[in-house]
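J.: Test case, fold it:
(chains A and B)
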Amino acid sequence: MSKKVMPKKGLIGAIIGLILVVGFYIFTRQSADHAGGSDGDVIHITCGMVGLEFKTCQEGVALWEKKTGKKAKVLPAPNGSTERLTLFQQHLAAGSDNIDIYQLDVVWPGLLANHFEDLNDYIPQDERRQYFPQLMENNTVNGKLVAMPWFIQVGFLYYRKDLLEKYHRPVPTTWEALEETATLIMEGQTKEGNSLWGYVFQGKAYEGLTCNALEWIHSQKDGGTIVEADGRVSINNPAATQIVDRIASWMGRIVPEGVLNYEQEDCRGVFQSGKALFMRNWPYAWGLLNSDDSPVKGKVGIAPLPCGINGKTTGALGGWNLGLSKYSKHKKDAADLIRFLTSNEELKRRSQAGGYFPPMEKLYQDGAVLSSNPLMKAMGLVLKNAALRPARQTRSKYSQVSSAFWNAVHHVLSKKITAEKSFQEADKKLNGLSQNGTKWV
Amino acid sequence: MSHPSQSSYNKSQLTRSRTRDAWLFLLPTLVVLSLVAGWPLLRTIWFSFTDASLSSLEATQFVGIDNFMYLLDDATWRQSFKNTLFFAVISVSLETVLGLLIALVLNAHFKGRGWLRTAVLIPWAIPTIVSAKMWGWILHDVYGVLNEILLFFHIIKEPLAWAASPDLAMASVILVDVWKTTPFMALLLLAGLQLLPQECFEAARVDGIHPLRVFWRVTLPLLKPSITVAVIFRTLDALRVFDLIYVLTSGSLETISMSVYARQQLFDFQNVGIGSAAATLLFFIISLATIGFIMAGGLKQDGR
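T.: Sure, this is the predicted structure:
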């Protein structure tokens, strides 16, 4: 090969390379524009996919489209709240306008407030006043209404009505009674050759375990809520360690060891296939357990969670809100969609279609709503004592607090360590995070 | 390579122009690489010396090596370090042994070999997320099929919580990784086997040497370079394991890997500074491992 040809070839190569680079750049720019631009005036809203959530959300959005003649698209969001938060944070940190309306967990407003519009500017005051004040307060960060409450939930105890009747046992109202009943019925059923577990709950190391374990310790007298309203760390107390040790003693005996890796849908899978007597779950499971293809249809009862020692019945308050992204290009229409989805009628429709609890006080006096779901009445009772996760007081540190707590509990449940020792360590960690509970930033 | 007859002027000019061409050809790659890999890498390293938070990336301050000190002091990070090393060593060892066995079998001539070779690749072709989810169901303690089978044959007395039990979780993760990655190993080694000179084997056969002895004395030493490359590939891959663990056992401390830890800090806790430090540390550990392997591999080649 002659020397003179080589540089030319090299030059051609370089030019081709440059063209490729520039082409790639233009292509990515175009496709990025495309994602935002081609859909023009379509509003993008995220909805969860747990149980009937997605379907109910789509129906609501379709009603709005019909009413206004505008277009909206529902995007599925991951089921696990931890994953969902991660995904949203990536979108928000990048200032992406691909999503206009985000479905936000009750524990997120403090964390994500910077990325959202103040809905006080879009929704009239007389409408805002209809929602539960503690929820509106929860969603307000430095005077800014980050999100509108959409539906709320608390943990409930699901039980097998048929089995309790068969063994003539009442629905347990204390954890002690639950242990006793579960042991008795498990023995009886196993003798008949029907293997059965006593109790399943969300025991995976994730946000769901924080809710479950918070319910245990909050159901005890003086069990606390991990971090108190004034910021003081209260996790390491005898009432809390006592109940967590008790639940840990159930592992492998009345609770399958597998719960250490269960999320809500894993629990429902086990319970719905008739392999568990009791289950702690959110209200969404009710409709699915009683659907036509469910093996336990009509055999399921539901009650408030058991009380701890000298304690009360409680439930971790969960729930989802709708927030308007600061980076949205269709703020007015998107706000209108939020207003529609959280309106009186839509909330009523959702409670009837999917059993979702409305965050609106007056709907709990509405006959049609009350009859839609056997839980609506019980809900009033639980709501009074509902356990709020310590998101408000711990602000941007909440996910670290929650993770420290679920890890501490997970450790005890996997029988690596006693609750006392584990909570001592967690206590140290949380105090270290917050300068002994005085400074949560 | 070089011929002494060529004039030194001629050679150096040819070399020079070749070098220049090589750089010209490499230029586009280098530009793209520095844009998509170099820039993020530098940014991550920069973040690892700051207190950046995901909610406000603008207001960050330089904090020196505080983040690295925090990591070395953090029990969870140390756990993730141990887990990752354990996972890498055990899974790569198992995959090498099994991969070699499969490669030897596939190297033999028998009917349907083509089909079998393709079939063996299926686990490798399935995306990790899908296979992790699939194995999650297979390993499920209440309705998983693995427990069902083992119970049926009376191998275990009661169902085991494969992915959940602290004693079994890591073993399950390794099991799934071995299932998934052994085919890759087998393929690399099979390629190596097929390149081996047949004369040595023929000579051994003529001399009537026992096949096992042939394997230890002929096949294995000749295959060493292929094995080294395959082991390097797999180890580097195993050190940054993420998706499998994230899907199968998620947040549990028993199986947390360094990548999972970095992600948790970065996104769950919004600690971009500490998360970047964890990612940077992982990057350096992997670089060290690479350099170590290359040096060890190079020495061997010199010795041969």
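J.: quick one: low-confidence parts of the stretch 201-304 of chain B?
T.: Within the stretch 201-304 of chain B, the stretches with pLDDT under 70 are B:251, B:297-304.
J.: count of residues packed around the residue in the stretch 151-300 of chain A positioned nearest to chain B?
T.: Per Cβ to the nearest Cβ, the residue of the stretch 151-300 of chain A with the smallest distance to chain B is A:Gly258, at 3.1 Å. For every residue, glycine as well, the C-beta is placed using N, CA and C. When neighbours are counted by other Cβ atoms under 10 Å in any protein chain shown, A:Gly258 registers 29.
J.: Pull the contacting residues for B:Ile149.
T.: Applying Cβ atoms under 8 Å, 6 or more residues apart in numbering or on different chains to B:Ile149 gives no contacts.
J.: Grab the nearest non-local neighbour of B:Thr44.
T.: B:Ser276 (4.8 Å; Cβ to Cβ, 6 or more residues apart in numbering or on different chains).
J.: Work out the gap between the helix or strand containing that neighbour and the centre of the chain.
T.: Assigned by DSSP states H and E, B:Ser276 falls within helix B:272-303. Its chain's C-alpha centre and that of helix B:272-303 lie 12 Å apart, by Cα atoms, centre = their mean, to the nearest Å.
J.: Okay, the residue in chain B that chain A sits nearest to and B:Leu35: tell me how far apart.
T.: Here chain B gets closest to chain A at one residue, B:Pro28, 2.7 Å apart by Cβ to the nearest Cβ. B:Pro28 is 11 Å from B:Leu35, where distance means Cβ to Cβ, to the nearest Å.
J.: which one of those two has more residues nearby?
T.: B:Pro28 (19 against 13).
J.: just the residues of the stretch 201-304 of chain B that are near chain A, which are they?
T.: Residues of the stretch 201-304 of chain B lying close to chain A by Cβ under 8 Å from any Cβ of the partner chain are B:Thr249, B:Ser250, B:Gly251, B:Ser252, B:Leu253, B:Glu254, B:Arg263, B:Gln264, B:Phe267, B:Asp268, B:Phe269, B:Gln270.
J.: hang on, the first one packs against B:Val173?
T.: Yes: in this structure B:Thr249 lies within contact range of B:Val173 using Cβ atoms under 8 Å: 6.4 Å.
J.: So for the two, which residues contact both of them?
T.: By the contact definition Cβ under 8 Å, 6+ apart, B:Thr249 and B:Val173 are jointly contacted by B:Thr255.
J.: Skipping adjacent residues, who's closest to the residue of the stretch 151-300 of chain A closest to chain B in space?
T.: Distances taken as Cβ to Cβ, 6+ apart place B:Asp141 nearest to A:Gly258, at 3.1 Å, with adjacent residues excluded.
J.: number of nearby residues for that neighbour?
T.: Neighbours around B:Asp141, by other Cβ under 10 Å: 26.
J.: May I see the buried residues of stretch A:71-89?
T.: Using 16 or more other Cβ atoms under 10 Å in any protein chain shown as the test for burial, stretch A:71-89 gives A:72, A:74, A:77, A:80-89.
J.: Any chance of these in JSON lines with secondary structure as columns?
T.: Below are those laid out as JSON lines (DSSP: H, G, I helix; E, B strand; the rest coil):
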{"residue": "A:Ala72", "secondary structure": "strand"}
{"residue": "A:Val74", "secondary structure": "strand"}
{"residue": "A:Ala77", "secondary structure": "coil"}
{"residue": "A:Gly80", "secondary structure": "coil"}
{"residue": "A:Ser81", "secondary structure": "helix"}
{"residue": "A:Thr82", "secondary structure": "helix"}
{"residue": "A:Glu83", "secondary structure": "helix"}
{"residue": "A:Arg84", "secondary structure": "helix"}
{"residue": "A:Leu85", "secondary structure": "helix"}
{"residue": "A:Thr86", "secondary structure": "helix"}
{"residue": "A:Leu87", "secondary structure": "helix"}
{"residue": "A:Phe88", "secondary structure": "helix"}
{"residue": "A:Gln89", "secondary structure": "helix"}
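J.: need the residues of the stretch 101-250 of chain A near chain B, please.
T.: Where the stretch 101-250 of chain A comes near chain B, counting by Cβ under 8 Å from any Cβ, the residues are A:Leu111, A:Leu112, A:Asn114, A:Trp197, A:Gly203, A:Lys204, A:Ala205, A:Tyr206.
J.: quick one, what contacts the fifth one?
T.: By Cβ under 8 Å, 6+ apart, A:Gly203 lies in contact with A:Leu209, A:Asn212, A:Val255, A:Val259, A:Leu260, A:Asn261, A:Tyr262, A:His410, A:Leu413, B:Ala164.
J.: Neighbours of the second one, how many?
T.: It refers to A:Asn212. Other residues lying near A:Asn212 total 23 when counted by other Cβ under 10 Å.
J.: Please tell me how far it sits from A:Leu135.
T.: Relative to A:Leu135, and taking Cβ to Cβ, A:Asn212 is found at 21 Å.
J.: quick one: the residue of the stretch 151-300 of chain A closest to chain B is in a strand?
T.: No: assessed with three-state DSSP, A:Gly258 is helix; it does not lie in a strand.
J.: residue contacts, the residue nearest the centre of chain B?
T.: Nearest to the geometric centre of chain B sits B:Asp237, at 2.1 Å (Cα atoms, centre = their mean). Residues in contact with B:Asp237 (Cβ under 8 Å, 6+ apart) are B:Thr181.
J.: List the buried residues for the helix or strand it falls within?
T.: Assigned by DSSP H and E, B:Asp237 belongs to helix B:220-239. For helix B:220-239, burial by neighbour count (16+ other Cβ under 10 Å) applies to B:222-223, B:226-239.
J.: Which strands and helices lie in contact with the very next helix or strand once past that helix?
T.: Next along the chain after helix B:220-239, taking DSSP H and E as the criterion, comes helix B:243-248. Contacts defined by 3 or more Cβ pairs under 8 Å, 6 or more residues apart in numbering or on different chains; DSSP states H and E place helix B:243-248 against helix B:128-138, helix B:169-195, helix B:258-263.
J.: any chance of those in JSON lines, plus mean neighbour count?
T.: JSON lines is the format used below for the helices and strands packed on helix B:243-248 (neighbours: other Cβ atoms under 10 Å in any protein chain shown):
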{"stretch": "helix B:128-138", "mean neighbour count": "17"}
{"stretch": "helix B:169-195", "mean neighbour count": "21"}
{"stretch": "helix B:258-263", "mean neighbour count": "23"}
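J.: right, so of these, which gets closest to A:Ser291?
T.: The closest of those to A:Ser291 is helix B:128-138. By Cβ to Cβ, the value is 21.1 Å.
J.: now the angle from that closest one to helix B:169-195?
T.: Calculated by axes from the mean of the first three to the mean of the last three Cα atoms, to 10 degrees, helix B:128-138 forms an angle of 130 degrees with helix B:169-195.
J.: ok, and what's touching helix B:128-138?
T.: Around helix B:128-138, the neighbours that count as contacts under Cβ under 8 Å, 6+ apart are B:123, B:126, B:143-146, B:163, B:172, B:176, B:179-180, B:243-244, B:246-248.
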